[in-house]
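Chemist: dropping the sequence and predicted coords here.
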Amino acid sequence: MRILLFGKGGQVGWELQRSLAPLGELVALGTDSQNLCGDFTKLDGIAQTVRDVVPDIIVNAAAHTAVDKAESEPELARIINARAPEVLAQEAKRSGAWLIHYSTDYVYDGSGDQPWIETDPTGPLSVYGKTKLEGEDAIRSSDCQHVIFRTSWVYAARGGNFAKTMLRLAQERDCLTVINDQIGAPTGAELLADATAHAIRVAQQRPDVSGLYNLAAGGETSWHGYASFVIEFARQAGIAIKVTPEAVQPVPASAFPLPAPRPKNSRLDTRKLQNTFGLNLPHWQSGVTRMLTEILEK
């Protein structure tokens, strides 16, 4: 089996290089790849790359994920998040390859307090969310065999993340204010990568699994709850934390106005994925604990 991975340098792409390697021959590309095109702004180059590699599986971990920046560069976000996936879908349909693609809870409007299911109405609030939904629609319209994973609050030990920021601030400040009216589940890039590898093996045997799935860690929390968990873990690990637990103060999202609105409800119902692929999705604290253990040991 030959697997073509786009977006190898991102958090999810980095983990996918690990999880996909045992499945077959892996061709992993980033925007700076030399011999093959991995730059999603070059649509003809992307199409030619698929034709040159002739993969059995195309995995797209590339995206324009700078949510606020997308508001000021909507056409670039659309090219990367919608038009490039459309090209991949067309090439997958032409060649008979599977396309694995990652989307986001930002395709929903964030209303209510119930976990979103895959058939709920969409209503993206931002350019990022709108372009990601356009990408989903293009893949579905192509009629290629595909698995689209909607996920949320993605983090990894590699690179910057919310937990690292909170740890740094907790060592510098006497008081922190953290948003408490946005709810979701911190989801590790390694969990996404491992679930993807498992789903690919199932998809090879069962063409009927083609479709859309929510994929996120179990449980839910607010950004305030996430920050409090991270800071207390570090305190218990012997890290010198300046801020006291009661000085981590909850505030509404309106306290931090940003160019792109965020959904308040990012809960995702993952029962369809778990039932279809026979997966157990661990609680968010499990993955965050692993990540914290890794970064605090450095």
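Modeler: Ah, there it is.
Chemist: in stretch 42-56, what's buried?
Modeler: Of all the residues in stretch 42-56, those buried under the rule 16 or more other CB atoms under 10 Å are 43, 46, 47, 49, 50, 53, 55, 56. Placement of C-beta: from N, CA and C, glycine included.
Chemist: same deal with stretch 57-68?
Modeler: Per 16+ other CB under 10 Å, stretch 57-68 contains these buried residues: 57, 58, 59, 60, 61, 62, 63, 64, 65, 67.
Chemist: over to stretch 142-161?
Modeler: Buried positions in stretch 142-161, judged by neighbour count with 16+ other CB under 10 Å: 142, 144-158, 161.
Chemist: what's the answer for stretch 203-218, then?
Modeler: Buried residues in stretch 203-218, defined by neighbour count with 16+ other CB under 10 Å: 203, 209, 210, 212, 213, 214, 215, 216, 217, 218.
Chemist: same check, this time on stretch 236-245
Modeler: Buried positions in stretch 236-245, judged by neighbour count with 16+ other CB under 10 Å: 241, 243.
Chemist: narrow the buried residues of stretch 142-161 to those in helices?
Modeler: Using DSSP state H, the members of the buried residues of stretch 142-161 that fall in helices are residue 142.
Chemist: ok, and what's touching stretch 43-54?
Modeler: Contact with stretch 43-54 is made by 2, 4, 6, 27, 29, 36-40, 58, 79, 83-84, 87-88, 90-92, 95, 97, as judged by CB atoms under 8 Å, 6 or more residues apart in numbering.
Chemist: how about the helices in the stretch 151-298 of the chain?
Modeler: Listed in chain order, the helices of the stretch 151-298 of the chain (DSSP state H, counting those that start in this stretch) span 162-172, 189-205, 223-236, 271-277, 284-296.
Chemist: helices and strands around the shortest one, which ones?
Modeler: Think helix 271-277. helix 189-205, strand 211-214 (3 or more CB pairs under 8 Å, 6 or more residues apart in numbering; DSSP states H and E).
Chemist: just the CA coordinates for stretch 84-102, please, in PDB.
Modeler: What follows is stretch 84-102, C-alpha atoms only, in PDB (Å, rounded to 0.1, in the frame of the first residue of the first chain):
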ATOM      1  CA  ALA A  84      -7.000  22.100  -2.600                       C
ATOM      2  CA  PRO A  85      -9.100  19.400  -0.900                       C
ATOM      3  CA  GLU A  86     -11.400  19.500  -3.900                       C
ATOM      4  CA  VAL A  87      -8.500  18.800  -6.200                       C
ATOM      5  CA  LEU A  88      -7.400  15.900  -4.000                       C
ATOM      6  CA  ALA A  89     -10.900  14.500  -4.000                       C
ATOM      7  CA  GLN A  90     -11.100  14.700  -7.800                       C
ATOM      8  CA  GLU A  91      -7.800  12.900  -8.100                       C
ATOM      9  CA  ALA A  92      -8.900  10.300  -5.600                       C
ATOM     10  CA  LYS A  93     -12.100   9.700  -7.500                       C
ATOM     11  CA  ARG A  94     -10.100   9.400 -10.800                       C
ATOM     12  CA  SER A  95      -7.600   6.900  -9.400                       C
ATOM     13  CA  GLY A  96      -9.800   5.000  -7.000                       C
ATOM     14  CA  ALA A  97      -7.800   6.100  -3.900                       C
ATOM     15  CA  TRP A  98      -9.200   6.800  -0.500                       C
ATOM     16  CA  LEU A  99      -9.000  10.400   0.800                       C
ATOM     17  CA  ILE A 100      -8.600  11.000   4.600                       C
ATOM     18  CA  HIS A 101      -9.300  14.600   5.500                       C
ATOM     19  CA  TYR A 102      -9.500  16.600   8.800                       C
END
